[in-house]
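Enquirer: Got a sequence here, can you model it:
(chains A, B, C and D)
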2 protein chains.
Amino acid sequence: MKKIDIFKKLRSSGLRPTKQRVEIAKFLFERDKTFHFTIESLDKLLAKKTTSRFALATIYNTVHAFKKAGHLSEVDVRGKKTYFDTNISNHHHFYDNETSELIDIDASEVVIQKIPKAPNGKKIKNVEVFINLKN
Amino acid sequence: MKKIDIFKKLRSSGLRPTKQRVEIAKFLFERDKTFHFTIESLDKLLAKKTTSRFALATIYNTVHAFKKAGHLSEVDVRGKKTYFDTNISNHHHFYDNETSELIDIDASEVVIQKIPKAPNGKKIKNVEVFINLKN
DNA sequence: CTCCTAGTTTATAATAATTCTAAAGTAAAA
DNA sequence: TTTTACTTTAGAATTATTATAAACTAGGAG
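Expert: Now for the predicted structure:
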């Protein structure tokens, strides 16, 4: 994804393309594979990769802005830290407890044959399959 | 579950049946239906139900001891608080975002037809299905 | 191009959930 | 009954996250 596209992506979602947002967006979205991270890991990786310095609050702000705009999704993982995912399509996850690592599973890789009805007055928003791994 | 059984349950899992543990265990396990809670909600409910007072640290200690002994399970829910479940059998959950409420789904209610292989060198520990609800 | 304004970044403080600590208390073995 | 190891407790410490308020900046108005 080129810089011009990053600009478009930000603009179209009502986000001013500031220096910080562009740098973080480039880091997150200029990838072939999907990327999973926590704020902490992102902070460390950005510190290594770029010469700029980002306040932690900026990383929180930016990641949440991207999430709100639909450019990032949040993953349900047990634990204190919040995990984010650059893959925003409907999909599932492996979770490796040993390494605290998430791996995407394409929606087509999982077929559910039977599922219960939603309780009275409620509807099913989405179904997440979470496969815990061991060695 | 009678008091004597609570004693046995604690003893058999290497936990001294102290006053606090017995009271908390009675509150958690003397139920027909499974019970979902966070430390905060348990603390409030205990404060209402019993005359005794428990230090918050004791509730944390006790709940973790029960979990370690296999009497409670922990549920993956996105958010800051940790959810626990008195249902320790393999099962799934509905999650109502509006009310932050969990509802158990019996393992037999969900049939998965197709699932990907675990990555190289890893095995599947368990599969959790999490159904998000909306109104 | 320059000024203005609303949106942004930043360092730091505040909050929330949880864990740690060390002293006082208690269960159960000796 | 005494001893010892395990528990409880209040409060401090830690960790992740959010709020605050002052300094900064992008982009439009003139």
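Enquirer: List the buried residues for the host helix or strand of A:K9?
Expert: Following DSSP states H and E, one finds A:K9 within helix A:3-12. Residues of helix A:3-12 classed as buried: A:6, A:9-10 (neighbour count, 16 or more other C-beta atoms under 10 Å in any protein chain shown). Yep, even glycine has a C-beta here, placed from its N, CA and C like the rest.
Enquirer: So which residue is dead centre in chain A?
Expert: Centroid check for chain A by C-alpha atoms, centre = their mean gives A:D85 as the closest residue, at 1.9 Å.
Enquirer: what sits opposite that one in the beta ladder?
Expert: Going by DSSP bridges, A:D85 is paired in beta bridges with A:H36, A:S73.
Enquirer: Please report the distance of it from B:E109.
Expert: 27 Å (C-beta to C-beta, to the nearest Å).
Enquirer: likewise A:R11?
Expert: Relative to B:E109, and taking C-beta to C-beta, A:R11 is found at 46 Å.
Enquirer: neighbours around whichever residue of chain A sits closest to DNA strand D, how many?
Expert: Going by C-beta to the nearest atom of the strand, DNA strand D is nearest to A:T82 of chain A, at 3.3 Å. By other C-beta atoms under 10 Å in any protein chain shown, the residues close to A:T82 number 20.
Enquirer: is it true that it touches A:I39?
Expert: Yes: contact status for A:T82 versus A:I39: in contact at 7.0 Å, counting by C-beta atoms under 8 Å.
Enquirer: Chain B versus A:T58, what's the distance?
Expert: 21 Å (C-beta to the nearest C-beta, to the nearest Å).
Enquirer: Help me see whether stretch A:41-50 makes contact with DNA strand C, please.
Expert: No: using C-beta under 7 Å from any atom of the strand, we find that stretch A:41-50 stays clear of DNA strand C, coming within 10.4 Å at best.
Enquirer: hey, C-alpha coordinates of that stretch in PDB?
Expert: What follows is stretch A:41-50 as a C-alpha-only set of coordinates in PDB (Å, rounded to 0.1, in the frame of the first residue of the first chain):
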ATOM      1  CA  SER A  41       4.300  -5.000  21.000                       C
ATOM      2  CA  LEU A  42       3.400  -2.300  18.400                       C
ATOM      3  CA  ASP A  43       5.200   0.300  20.500                       C
ATOM      4  CA  LYS A  44       8.300  -1.800  20.600                       C
ATOM      5  CA  LEU A  45       8.300  -2.600  16.900                       C
ATOM      6  CA  LEU A  46       7.700   1.000  16.000                       C
ATOM      7  CA  ALA A  47      10.600   2.000  18.200                       C
ATOM      8  CA  LYS A  48      12.900  -0.400  16.300                       C
ATOM      9  CA  LYS A  49      11.600   0.300  12.800                       C
ATOM     10  CA  THR A  50      11.300   4.000  12.700                       C
END
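Enquirer: what is the rounded mean pLDDT of that stretch?
Expert: The average pLDDT within stretch A:41-50 is 92.
Enquirer: From the chain's centroid, how far away is that stretch?
Expert: For stretch A:41-50, the separation from the chain centroid amounts to 16 Å (computed by C-alpha atoms, centre = their mean, to the nearest Å).
Enquirer: Show me which residues of it are buried.
Expert: Within stretch A:41-50, the residues that count as buried by 16+ other C-beta under 10 Å are A:42-43, A:46.
Enquirer: what's the answer for stretch A:12-21, then?
Expert: For stretch A:12-21, burial by neighbour count (16+ other C-beta under 10 Å) applies to A:15, A:20-21.
Enquirer: With stretch A:71-90 instead?
Expert: Buried residues in stretch A:71-90 (16+ other C-beta under 10 Å): A:71-73, A:75-78, A:82-87.
Enquirer: returning to what we had before: so does the helix or strand that the helix holding A:K9 is followed by get close to DNA strand D?
Expert: Counting by DSSP H and E, the element after helix A:3-12 in chain order, helix or strand, is helix A:19-29. Yes: counting by C-beta under 7 Å from any atom of the strand, DNA strand D is contacted by helix A:19-29 at A:K19.
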